[in-house]
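Enquirer: here is my input, please return the structure:
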Amino acid sequence: MAADEHNSSAQMLDSASVLIVEDQNFVRDLLGRLLTSLSIPKVSSARSAEDALATLEREPDLADVLIVDFELPGMNGVKFIEKLRASAHSRLQKMPVVMLTGHKDMGLYRDAARLGISAFLVKPAGPNTLKIALEEALTGRRIAVPHLAPEAEEKSIS
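Expert: A predicted model of the protein is given here:
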């Protein structure tokens with residue numbers, strides 16, 4: 001990353017607002033502290049996808065980027081992103097999302113990538129990894145859907 005790009009990304013973080021969607025108190029609090037340490041001025045959180053979706057529908061300008069855990073009670077992270085992309089609010093349809101998970105599951109990765117997420121991070125994600133993912137999300141990056149060989153796809157289905 002060139003010096004100008006780095007400065008621009010740092011400035012974006014300095015004015016960003018992030019919504020954490022995570023059901024585990026410890027992880028939610030840890031992410032909040034990490035984001036604060038990255039100088040992100042506005043951090044909010046939701047304990048469930050349903051709460052986050054209701055809040056975002058009322059306040060679509062609440063966040064510039066979302067950090068969403070895959071394993072949430074009720075509606076999981078992928079279903080949440082599907083609902084977000086189907087929202088009546090164009091801002092929510094395009095909202096950058098960083099997916100966070102404890103699983104290294106290629107099928108999950110592909111499902112999330114098809115929905116236009118910006119990054120897919122496996123827990124525990126360190127501060128630098130999180131910072132890079134947020135910078136890329138704020139610049140509009142979307143991850144590509146990986147293509148697997150047919151035999152690899154068969155194995156991932158079973």
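Enquirer: now Arg85: how far from Ser118?
Expert: 13 Å (C-beta to C-beta, to the nearest Å). To be clear about C-beta, it is placed using only N, CA and C from the backbone, and glycine gets the same treatment.
Enquirer: look at those two and report which has more neighbours.
Expert: Legend: neighbour count by other C-beta atoms under 10 Å for Arg85 and Ser118, higher for Ser118 (22 against 15).
Enquirer: what's the closest non-adjacent residue to that one?
Expert: The shortest distance from Ser118 to any non-neighbouring residue, by C-beta to C-beta, 6 or more residues apart in numbering, is to Ala137 (3.5 Å).
Enquirer: surely Ile67 forms part of a strand?
Expert: Yes - assessed by DSSP: H, G, I helix; E, B strand; the rest coil, Ile67 belongs to a strand.
Enquirer: beta partners for it?
Expert: Beta-bridge pairing of Ile67 under DSSP bridges involves Ile20, Val98.
Enquirer: that one and Glu22 touch, don't they?
Expert: Yes - using C-beta atoms under 8 Å, Ile67 is in contact with Glu22, at 7.4 Å.
Enquirer: more neighbours: these two, which one.
Expert: Using other C-beta under 10 Å as the criterion, Ile67 and Glu22 rank with Ile67 on top: 29 against 24.
Enquirer: now do that one, the pLDDT please.
Expert: With respect to pLDDT, Ile67 scores 96.
Enquirer: which residues does it contact?
Expert: 18-22, 31, 97-98, 100, 130 (C-beta atoms under 8 Å, 6 or more residues apart in numbering).
Enquirer: need these in JSON lines (columns: distance to Gly77 and pLDDT).
Expert: Shown next, in JSON lines, are the contacts of Ile67 (distance: C-beta to C-beta, whole Å; pLDDT from 0 to 100):
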{"residue": "Val18", "distance to Gly77": "15", "pLDDT": "97"}
{"residue": "Leu19", "distance to Gly77": "13", "pLDDT": "97"}
{"residue": "Ile20", "distance to Gly77": "12", "pLDDT": "97"}
{"residue": "Val21", "distance to Gly77": "7", "pLDDT": "97"}
{"residue": "Glu22", "distance to Gly77": "10", "pLDDT": "95"}
{"residue": "Leu31", "distance to Gly77": "14", "pLDDT": "94"}
{"residue": "Val97", "distance to Gly77": "8", "pLDDT": "94"}
{"residue": "Val98", "distance to Gly77": "10", "pLDDT": "94"}
{"residue": "Leu100", "distance to Gly77": "8", "pLDDT": "89"}
{"residue": "Leu130", "distance to Gly77": "16", "pLDDT": "90"}
